[in-house]
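Enquirer: Sharing a sequence plus its predicted fold:
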Amino acid sequence: MFKEVQLVNALKGNVNCLSELAGRHFCKVENLGDYELRFYLTENNYVRMHHEQDCCESVYIEDICGDLEDLVNARIVYFEEVSSEDAQPLSDWEDSYTWTFYRIQTLKGSVDIRWYGTSNGYYSESVDIDFVVE
């Protein structure tokens with residue numbers, strides 16, 4: 001079965017955006033704490049969700065609803081990113097903040113990932129998405 005997953009995910013060029021993940025499978029998902037997730041298409045190709053922290057900012061995973069294992073070895077049917085500055089901040093003292101939501105649906109289930117970024121208004125509050133081919 002693992003060979004089938006690798007064949008489905010064989011890349012003929014890099015994945016450049018989240019919508020290109022539809023129809024593919026993740027062979028592994030790694031949660032590296034509150035600051036990084038990796039979604040592996042093959043052992044050497046993965047989507048890295050993280051943020052390069054700088055002074056006066058903080059971007060982290062605030063919550064994950066669902067089981068990340070539901071994303072493994074199941075066809076991805078939907079991968080969406082939505083950002084909002086209209087939702088309430090976690091604290092009244094924050095000058096600037098951004099919520100970023102990711103919904104990933106597979107045939108086995110769905111996972112919602114909620115990122116929260118805050119800064120003094122001069123730094124990025126967004127989630128960095130890298131499409132890594134080693």
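Expert: Yep, it's here.
Enquirer: Nearest the geometric middle of this protein, what residue?
Expert: M49 (4.4 Å; CA atoms, centre = their mean).
Enquirer: Give me the contacts around the helix or strand containing that residue.
Expert: M49 is part of strand 45-50, with elements assigned from DSSP states H and E. If you take CB atoms under 8 Å, 6 or more residues apart in numbering as the criterion, strand 45-50 is touched by 9, 11, 15, 18, 21, 35-41, 102, 113, 127-134. For glycine as for every other residue, the C-beta is placed from the backbone atoms N, C-alpha and C.
Enquirer: ok, that strand: who's next to it in the sheet?
Expert: strand 36-40 (antiparallel), strand 128-133 (antiparallel) (DSSP bridges).
Enquirer: what comes up buried for the last one?
Expert: In other words, strand 128-133. Neighbour-count burial for strand 128-133, with 16 or more other CB atoms under 10 Å as criterion, is recorded at F131.
Enquirer: do the same with stretch 113-128
Expert: I113, W115, Y116, G117, T118, S119, Y123, E125, V127.
Enquirer: Show me what the closest residue in space to S19 that isn't next to it in sequence is bridged to.
Expert: Closest residue to S19 apart from its sequence neighbours, by CB to CB, 6 or more residues apart in numbering: F79 at 6.9 Å. Residues found in beta-bridge contact with F79 (criterion: DSSP bridges) are I104.
Enquirer: Torsion angles phi and psi at L21?
Expert: In this entry, L21 is assigned phi and psi values of phi -80, psi -20 (degrees, to the nearest 10).
Enquirer: who's in contact with it?
Expert: Residues in contact with L21 (CB under 8 Å, 6+ apart) are V15, F39, L41, V47, I76, F79.
Enquirer: rewinding a little: return the subset of the buried residues of stretch 113-128 lying in strands.
Expert: Using DSSP state E, I113, W115, Y116, G117, T118, S119 are the members of the buried residues of stretch 113-128 that sit in strands.
Enquirer: can I get those residues in a markdown table with pLDDT and distance to I61?
Expert: Below are those laid out as a markdown table (pLDDT from 0 to 100; distance: CB to CB, whole Å):
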| residue | pLDDT | distance to I61 |
| --- | --- | --- |
| I113 | 96 | 6 |
| W115 | 95 | 6 |
| Y116 | 92 | 8 |
| G117 | 91 | 11 |
| T118 | 90 | 14 |
| S119 | 88 | 17 |
